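Engineer: fold the following, please.
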Amino acid sequence: MKTIKFFTLGCKVNQYDTQKIREQFLSAGFKEENNARPANICLINTCTVTHRADSDSLNLIRRAKRENPKAKIIVTGCLAELDSKKIEGADFIVKNKSKGKIVNLLQGLSPKGTVPVTGISDFQGHTRAFVKIQDGCDNFCSYCKIPLVRGRSLSRPKNDIIAEVNRLVERGFKEIVLTGICLGSYSGLSGLIEGLEKIEGLLRIRLSSIEAGDVSDGLINKISESEKLCRHLHIPIQSGDDEILKKMNRKYNRAGYLSLIKKIKRKIPGMAITTDVLVGFPGESEKNFSNTLDLIKKIMPLKVHIFPYSSRPGTVAAGFVDPPIKAEIIKERIRRLQKVAGDCKISFEKNFLGRTMPVLFESRVKNKLDFWQGYTDNYLKVRVKSKTNLRNLIQPVKLSSASLRFSSY
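Structural biologist: Got it, this is the predicted structure:
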């Protein structure tokens with residue numbers, strides 16, 4: 001029997017794509033190899049959102065070749081789209097538009113010939129399943145390479161998504177995460193949510209990253225009224241300064257973003273906001289950065305994903321004449337932002353001390369195997385001590401510590 005290993009870098013969409021490819025290879029008669037033994041085939045699903053992502057992808061390709069010297073190396077994903085010349089050691093390079101049909105495209109690899117190209121029915125290693133409903137992006141932020149490698153926005157048919165989620169629920173998944181490159185551009189998002197809410201056994205529907213301009217009053221009302229939609233939205237900021245936002249080609253300003261967050265929190269008690277911030281964008285002054293710190297303090301997010309700016313060839317920002325921000329300045333700003341973000345996290349979590357909230361448990365805590373960890377619907381990470389196997393169970397937990405690091409069950 002032929003064996004295969006899968007390696008994935010990057011976003012939830014990439015993780016979904018790998019799962020879809022995995023199921024096709026398994027249907028074609030392959031066995032997935034998860035241990036140290038070398039495999040016949042290695043598939044690497046790459047990322048190119050930052051320079052670091054490029055480097056990680058190339059290192060992973062080299063490692064796969066080194067540890068599996070006789071394997072066929074298949075490289076797909078965003079790095080393979082425009083930068084295939086950087087890739088060494090690959091036997092096959094597959095573009096994003098063809099990655100969903102890899103088994104059928106690579107003749108002679110499949111023991112059983114062609115296999116149907118369908119969605120997914122499992123999500124290996126997870127208790128929450130990611131479901132891709134949309135791909136591509138039409139926003140063209142000046143720093144972002146993703147529209148160049150993913151193409152224009154494209155929505156999946158509603159019925160295909162509902163059928164896929166039904167399969168996942170039958171498999172035992174209680175929560176699904178709707179994901180996309182630009183989730184809010186999905187055509188008919190409210191109608192899709194209403195269809196998913198009718199699925200018996202599906203207890204939670206979580207939305208992944210969504211742009212501020214796509215959070216409509218209708219969506220806010222839907223979350224406030226729904227018994228299944230999670231009280232958590234990831235809404236990227238990137239910067240809290242209007243001058244930088246304009247240079248980034250973002251579709252909102254500071255005041256508009258702040259007004260949106262206030263509206264959401266006013267309408268939906270207990271709502272958690274997480275966000276992204278890009279540090280060191282060309283021309284970012286200390287004043288610009290201070291405005292970002294100030295906005296973070298005002299919106300009080302549960303979590304901030306912080307990224308140093310990385311020039312991406314082909315983007316508008318790569319051609320800016322502003323001198324690059326020095327690396328030591330970027331590192332110092334990141335440290336300050338991390339401190340503010342940490343304080344916001346603690347302040348938000350304190351609002352829930354003493355409350356009993358349902359937690360979907362995912363896994364044991366590494367190095368503390370008598371503890372389990374999981375998430376509330378508003379994305380508070382909870383850890384409890386229990387001898388019972390809590391995996392994939394939703395259980396009430398009284399939150400008892402300021403950091404929610406460990407609670408009693």
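Engineer: chain center to stretch 143-163: distance?
Structural biologist: Relative to its chain's centre, stretch 143-163 lies at 14 Å (Cα atoms, centre = their mean, to the nearest Å).
Engineer: and if you look at stretch 43-58?
Structural biologist: Using Cα atoms, centre = their mean, the offset of stretch 43-58 from its chain centre is 15 Å.
Engineer: would you mark the buried spots in that stretch?
Structural biologist: By 16 or more other Cβ atoms under 10 Å, the buried positions in stretch 43-58 come out as 43-50, 53-54, 56-58. Every C-beta, even on glycine, is put in place using the N, C-alpha and C of the backbone.
Engineer: who are the contact partners of Phe130?
Structural biologist: Contacts of Phe130 were listed using Cβ atoms under 8 Å, 6 or more residues apart in numbering, and they are 12-13, 15-16, 19, 123, 176-177, 179, 208.
Engineer: just flag the most distant two among the buried residues of stretch 43-58.
Structural biologist: Farthest pair in those (Cβ to Cβ) is Leu43 and Thr50. Separation: 22.0 Å.
Engineer: mind listing what's buried in the lowest-mean-pLDDT helix or strand in the chain?
Structural biologist: Lowest mean confidence among the helices and strands of the chain (mean pLDDT, DSSP states H and E): helix 102-105, at a mean of 81. Under the neighbour-count criterion of 16+ other Cβ under 10 Å, helix 102-105 has 102-104 buried.
Engineer: what is that helix packed up against?
Structural biologist: For helix 102-105, the elements it packs on are helix 12-27, judged by 3 or more Cβ pairs under 8 Å, 6 or more residues apart in numbering; DSSP states H and E.
Engineer: avg pLDDT for the helix it packs on?
Structural biologist: Helix 12-27 comes out with an average pLDDT of 94.
Engineer: centre of the chain to the lengthiest strand in the chain, how far?
Structural biologist: When the chain is scanned for its longest strand (criterion: DSSP state E), the result is strand 356-365. Chain-centre distance of strand 356-365: 20 Å, with Cα atoms, centre = their mean.
Engineer: adjacent strands (with direction) for the next helix or strand after that strand?
Structural biologist: Later in the chain than strand 356-365, the nearest helix or strand by DSSP states H and E is strand 368-375. According to DSSP bridges, strand 368-375 forms sheet pairs with strand 356-365 (antiparallel), strand 381-385 (antiparallel).
Engineer: out of the ones you listed, which comes closest to Asp241?
Structural biologist: Going by Cβ to Cβ, the one of the strands paired with strand 368-375 nearest Asp241 is strand 381-385, 30.0 Å.
Engineer: name the residues of that closest one that are buried.
Structural biologist: 381-384.
Engineer: below-threshold pLDDT in the stretch 51-200 of the chain: ranges please.
Structural biologist: For the stretch 51-200 of the chain, the stretches with pLDDT under 70 are 107-115, 117.
Engineer: show me where it has strands.
Structural biologist: With strands called from DSSP state E, counting those that start in this stretch, the stretch 51-200 of the chain shows them at 72-77, 92-93, 128-135, 154-155, 175-180.
Engineer: adding distance to Leu278, write the ones you listed out as CSV.
Structural biologist: Output for the strands of the stretch 51-200 of the chain, formatted as CSV (distance: least, Cβ to Cβ, whole Å):
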stretch, distance to Leu278
strand 72-77, 22
strand 92-93, 29
strand 128-135, 22
strand 154-155, 26
strand 175-180, 20
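Engineer: now render the buried residues of helix 102-105 as TSV, adding distance to Ile261.
Structural biologist: Shown next, in TSV, are the buried residues of helix 102-105 (distance: Cβ to Cβ, whole Å):
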residue	distance to Ile261
Ile102	41
Val103	44
Asn104	46
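Engineer: from these, which is closest to Glu332?
Structural biologist: Ile102 (44.0 Å).
Engineer: in contact with the residue nearest to Leu229 when sequence neighbours are not counted: list those residues for me.
Structural biologist: Excluding the flanking residues, the one nearest Leu229 by Cβ to Cβ, 6 or more residues apart in numbering is Ile223, at 4.7 Å. Residues counted as contacts of Ile223 (Cβ under 8 Å, 6+ apart) are 229, 231, 233, 268, 271.
Engineer: tell me what the first one is bridged to.
Structural biologist: In other words, Leu229. In beta-bridge terms (that is, DSSP bridges), Leu229 pairs with Ile205.
Engineer: repeat that for the third one.
Structural biologist: Using DSSP bridges, the bridge partners assigned to Leu233 are Ile273.
Engineer: is it in contact with Val215, as I believe?
Structural biologist: Yes - here Leu233 reaches Val215: they are 6.8 Å apart, a contact under Cβ atoms under 8 Å.
Engineer: just the angle between the longest strand of the chain and strand 175-180, please?
Structural biologist: 80 degrees (axes from the mean of the first three to the mean of the last three Cα atoms, to 10 degrees).
Engineer: what's the neighbour count on the closest residue in space to Asn249 that isn't next to it in sequence?
Structural biologist: Nearest residue to Asn249 in three dimensions, chain neighbours excluded: Ser142, at 4.5 Å (Cβ to Cβ, 6+ apart). Counted by other Cβ atoms under 10 Å, the residues lying close to Ser142 total 18.
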